[in-house]
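Asks: Show me the folded form of this:
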Amino acid sequence: MNASTQWITQNPSNYFDGQWHSIAGDEIQSKNPANPAHVVWSGTPDPSHVDGAVAAARAAFTSWRQLSQSERAQHLLAFSAACKKFAEPLAQVITLEMGKTIAESRGEVKLLSDKIDITLQESTLARVSNFEVDAGGGRKGFCRFQPFGVMAVLGPFNFPAHLPNGHWVPALLMGNTIVFKPSEKTPAVGQWIAAIAQAAGFPRGVLNVVQGGVEIAKRLSNHADVDGVMLTGSWRAGRAVLQANLDRPGRMVALEMGGSNPAIIWEGADIRTAVLECVRSAYATTGQRCTCTRRMIVHRSIAQEFLTAFTKVASTMIIAPGNAPEPNFMGPLVDQHALDAYLQRQTFIRDNGGRALLEGVRMDQAGYFVTPSLIEVARFEKESDMETFAPLVQVSVADELQDAIDQANATEFGLAAAVFTNANMTWRECVRGLRAGCVNWNNGTAGASSKLPFGGVGRSGNLRPAGSFALDSTVFPVACMEVAAPDAATTLVANGLRADPKWFE
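Replies: Residues are numbered from 1 along each chain as shown. Next up, the predicted model:
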């Protein structure tokens, strides 16, 4: 295949069983968020291709799992090399289709190969290494790990390459095969992934890509011959996957979902660090990260100083198209729906007593560009909390640390939290009290290390963290008690049985 952005945008296709399958049409379209008149990719999904992709993955599973782990690792290293070879065009199409700055897109593409390196480290693989115990009675006990089989990966639009890659790299290494459905907002990125997999020389059927929206996602996650579903997306999408699999308790379901992430800025904090990290975490990727800071709770004694500096920094950020030559911080929102939801949520909070310290408005230019928003509220309550995937952050003021922790926990989500203080005791009290899967000290909520687990509680995840713990969701443990060469003379006879030696002669 001619691995170019032009080929991909002009030849919309699914990829399965090592072959391209055309899906020309215009049922699904992705548009450049900086210039919505520009259609980047369009195609019409084919539901039968889901069946073809799953069948291809099933057919490839037996031979793929029979390879040694080191042989599968060599395929992943070839995929890593192909990601590096096509890094710049892939980064360009991420920016073109999703809108993030080119610097962010280049950073995302680099994470593809980084994930492979980290997954192949002995310290990561130790999580699913076979281990041996004395099982008693002359038997050895082993725990062996087996792949599930065909894994469906449902990807998001905000990190359309990195986040699904974080699911399938460990899954492939452990012997599973993959059917990947990209977000319908970033189909060109998904097709690029297929092209890179083909260039890397993966065996037929090992990594397959099918495009589509909600109906294709339902067909894939409900498919009778799928052994696991790994989703990165909203709580609404995760709930639909869980509901579809209520009668399949043996199917692996691993969910990475959203967050309404708090930051506590307490007395004694370094104000400059807290401001810069909270601005970055609130507005990175135009607020379209599951780890973005959505709520801040500030100690009353430093609230005025913190908020004055925060508004100055936030109001001077550079907002421009993602591929603009200047070092822009924020690009557009992904589409009109995201823009409308942002403005409506801001209005709702103000109408219910919030005070805008920074008002987010649509910018007077083509594309879905907005300015950031900061709204002060009296306090945070679970009943009024929701995730808004946009550059909107709220702030409240507190006097007591326990009240700040209670407000931080006033959410159905539980993904990330941050604490800014130089007091070790304050940090320890917060890390014990905050209900979140990722809790950071003096650095913001946005951003994570692949060397650590990544996931949340509540509506943020179903206790199947990604990151360094992702291997756990790709295999199941098999307990084995083994006697390699039994000695008949010493084999115990259970009570109530007779075993005359003559019977075994």
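
Asks: Give me the below-cutoff pLDDT ranges for this structure.
Replies: Applying pLDDT under 70 to the chain flags the ranges 1-3, 488-489.

Asks: what's the longest helix in it?
Replies: Using DSSP state H, we find that the single longest helix of the chain is helix 47-66.

Asks: list the helices and strands that helix packs on?
Replies: Counting contacts by 3 or more Cβ pairs under 8 Å, 6 or more residues apart in numbering; DSSP states H and E, helix 47-66 is packed against strand 13-16, strand 150-154, strand 177-181, strand 207-209, helix 214-221. Yep, even glycine has a C-beta here, placed from its N, CA and C like the rest.

Asks: can you list contacts of the fourth one?
Replies: Translated: strand 207-209. Applying Cβ atoms under 8 Å, 6 or more residues apart in numbering, the set of residues contacting strand 207-209 from outside is 14-17, 53, 56-57, 168, 172, 177-182, 190-191, 193-194, 197.

Asks: same question, stretch 402-410
Replies: By Cβ under 8 Å, 6+ apart, stretch 402-410 touches 262, 264, 266, 295, 297, 299, 379-382, 385, 396, 398, 417, 429-430, 433-435.

Asks: which among those residues end up buried?
Replies: 262, 264, 266, 295, 297, 299, 380, 396, 398, 417, 429-430, 433-435 (16 or more other Cβ atoms under 10 Å).

Asks: In strands only, show me those.
Replies: 262, 264, 295, 297, 299, 396, 398, 417 (DSSP state E).

Asks: from what I can see the fourth one touches Val393, true?
Replies: The reference is to Ile297. No. The criterion here is Cβ atoms under 8 Å, and Ile297 misses it with Val393 at 11.5 Å.

Asks: Tell me which residues are up against stretch 448-461.
Replies: Applying Cβ under 8 Å, 6+ apart, the contact partners of stretch 448-461 are 111, 114-115, 118, 124, 166, 235, 238, 255-259, 290-291, 411-416, 435-438, 463-469.

Asks: if we go to 6 Å?
Replies: Residues outside stretch 448-461 that contact it (Cβ atoms under 6 Å, 6 or more residues apart in numbering) are 115, 118, 235, 255-257, 259, 412-415, 437, 465-469.

Asks: how near is the nearest residue to Gly201 once chain neighbours are set aside to Ile116?
Replies: In this structure, Gly201 finds its nearest non-sequential neighbour in Ala78, 5.7 Å apart by Cβ to Cβ, 6 or more residues apart in numbering. Going from Ala78 to Ile116 by Cβ to Cβ, to the nearest Å gives 10 Å.

Asks: Neighbour count: the two, which is higher?
Replies: Of the pair Ala78 and Ile116, Ile116 is the one with more neighbours under other Cβ atoms under 10 Å, namely 22 against 16.

Asks: quick one: stretch 158-175 to chain centroid distance?
Replies: 9 Å (Cα atoms, centre = their mean, to the nearest Å).

Asks: now do stretch 7-22
Replies: Relative to its parent chain, stretch 7-22 has a centroid offset of 25 Å by Cα atoms, centre = their mean.

Asks: can you list the residues that contact it?
Replies: 23-24, 41, 43, 49, 52-53, 56, 188, 191, 194, 204-205, 208-211.

Asks: again, 7 Å this time
Replies: With Cβ atoms under 7 Å, 6 or more residues apart in numbering as the test, stretch 7-22 has contacts from 1, 23-24, 40-43, 49, 52-53, 56, 188, 191-192, 194-195, 198, 204-205, 208-211.

Asks: Quick check: ChimeraX command selecting the buried ones in those.
Replies: Here is the ChimeraX selection string for the buried members of the contacts of stretch 7-22, based on 16+ other Cβ under 10 Å:
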select :23,40,41,42,43,49,52,53,56,188,191,192,194,195,198,205,208,209,210,211
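
Asks: Distance-wise, check Pro372 relative to Ser260.
Replies: Computed as Cβ to Cβ, the Pro372 to Ser260 distance reads 17 Å.

Asks: So for these two, which sits in the more crowded spot?
Replies: Ser260 (27 against 24).

Asks: Looks like the more buried one contacts Glu387 (just checking).
Replies: Yes. Counting by Cβ atoms under 7 Å, Ser260 does reach Glu387; the two are 5.1 Å apart.

Asks: what residues are shared contacts of those two?
Replies: 294, 413.

Asks: thinking again about what came up before, which pair in the buried ones among the contacts of stretch 402-410 has the greatest spatial separation?
Replies: His299 and Arg435 (20.5 Å; Cβ to Cβ).

Asks: and the gap between Ala284 and Ile102?
Replies: 14 Å.
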